[in-house]
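Novice: Sequence and predicted model, in that order:
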Amino acid sequence: MLLFKRIADLQIYIGTQKKLGKTIGFVPTMGALHNGHMTLMEKAIEENDLLVCSIFVNPTQFNEKEDLVKYPRTIDNDVTMLTEVGCQILFLPEVSEIYPKDLVTPDFDFGNLDKPMEGAFRPGHFDGVAQVVYRLLDIVKPTSLYMGQKDYQQWAIIQSMLEQLNSEIELVRCEIARGEDGLAMSSRNMRLTKEAKAIAPNIHKTLLEAKENLVNLSIQEVKAKAIASLNEIPAFELDYFEIADGNTLETITKKEDSKLIVACTAVFLANVRLIDNMILKSE
Ligand code: AMP
């Protein structure tokens, strides 16, 4: 695997490969890689000539400094996993490389997409996400971009950004990779204690129940039951459980009104913030 820390070096290499007609799949990450990330890498490798993975813990998307400081960093293990999966190019820039003093990035209008859920609980988070993804895409100029459904709202926002830019980059949404217990894989899971790890799968269980319940119950009833289930677990501190239109992320009251319905939740467990979601209905 080739490792680039400097934009100029990376761009010379990618430029040469593109001139040879090679397609580039790109997976941006914040490192602390796990098997969930690897499902994105595998898909990108399968569908492209070359895979570029970036590892960059983006300071502008952390609304709490402590969260940025505590974010796990496991670069040696990341390099091993990427080498084993067959990644050809790792981009590992410094903050000063991504954010030089004179950098200007466009403002985007995401309408409702960045307002609810993560947008409401993490002010400024999606501005930071859009900024870094814009910057990384401008550097890498991939054929296709691979992002996980795990961050459903992020995925919707980046899709909107690509539309606003009239970009030719294809955005591929990758399914949520879960452990055998149902817990969505996340870099933050490594901060969970053994006891917390045993409790955490209840988030997935609640989402599954919500999906089942939506067959016979109203949106309000499904949401109330899910919130009650999560609140029943003393170790959980709920940020939100929302049922929204999967395209606009507007809150919905009638299930007949949407072809695509998604439930999204964020829960604190032992000081670790976990997010998860599930598509409840798609026509
Ligand atoms: P992160 O390093 O957390 O920024 O994640 C990098 C990419 O991996 C994002 O597009 C995430 O949505 C995706 N990702 C993280 N966890 C999972 C998972 N459990 N399943 C699928 N994709 C994931």
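Specialist: Yep, that arrived.

Novice: Up against the ligand, what does the stretch 151-283 of the chain have?
Specialist: Counting by C-beta under 6 Å from any ligand atom, the positions of the stretch 151-283 of the chain adjacent to the ligand are 151, 174, 176-177, 184-187. Heads up, the C-betas are built off the backbone N, CA and C, glycines and all.

Novice: Dump those into a markdown table; add pLDDT and neighbour count as well.
Specialist: Below are those laid out as a markdown table (pLDDT from 0 to 100; neighbours: other C-beta atoms under 10 Å):
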| residue | pLDDT | neighbour count |
| --- | --- | --- |
| Asp151 | 98 | 18 |
| Cys174 | 98 | 20 |
| Ile176 | 98 | 20 |
| Ala177 | 98 | 18 |
| Ala184 | 98 | 23 |
| Met185 | 98 | 18 |
| Ser186 | 98 | 24 |
| Ser187 | 95 | 19 |
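
Novice: Just the ones of those residues in helices?
Specialist: Using DSSP state H, the subset of those located in helices is empty.

Novice: now, among those residues, which is nearest to Leu50?
Specialist: Cys174 (17.8 Å; C-beta to C-beta).

Novice: buried residues in stretch 263-282?
Specialist: 263-267, 269-270, 272-281 (16 or more other C-beta atoms under 10 Å).

Novice: With only the CA atoms kept, save it in PDB.
Specialist: Taking C-alpha atoms only, stretch 263-282 is exported to PDB below (Å, rounded to 0.1, in the frame of the first residue of the first chain):
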ATOM      1  CA  ALA A 263     -35.900   5.600  12.200                       C
ATOM      2  CA  CYS A 264     -32.800   7.300  13.600                       C
ATOM      3  CA  THR A 265     -31.500   7.300  17.200                       C
ATOM      4  CA  ALA A 266     -28.700   8.600  19.300                       C
ATOM      5  CA  VAL A 267     -28.000   7.300  22.800                       C
ATOM      6  CA  PHE A 268     -25.400   8.000  25.400                       C
ATOM      7  CA  LEU A 269     -24.100   4.800  27.100                       C
ATOM      8  CA  ALA A 270     -21.400   5.200  29.700                       C
ATOM      9  CA  ASN A 271     -20.300   8.500  28.200                       C
ATOM     10  CA  VAL A 272     -20.100   7.100  24.700                       C
ATOM     11  CA  ARG A 273     -22.500   8.500  22.100                       C
ATOM     12  CA  LEU A 274     -23.900   5.800  19.900                       C
ATOM     13  CA  ILE A 275     -26.000   6.400  16.800                       C
ATOM     14  CA  ASP A 276     -27.900   3.900  14.700                       C
ATOM     15  CA  ASN A 277     -30.800   3.800  12.200                       C
ATOM     16  CA  MET A 278     -33.000   1.400  10.300                       C
ATOM     17  CA  ILE A 279     -35.100   1.800   7.200                       C
ATOM     18  CA  LEU A 280     -38.600   0.900   8.400                       C
ATOM     19  CA  LYS A 281     -40.300   1.000   5.100                       C
ATOM     20  CA  SER A 282     -39.200   1.400   1.500                       C
END
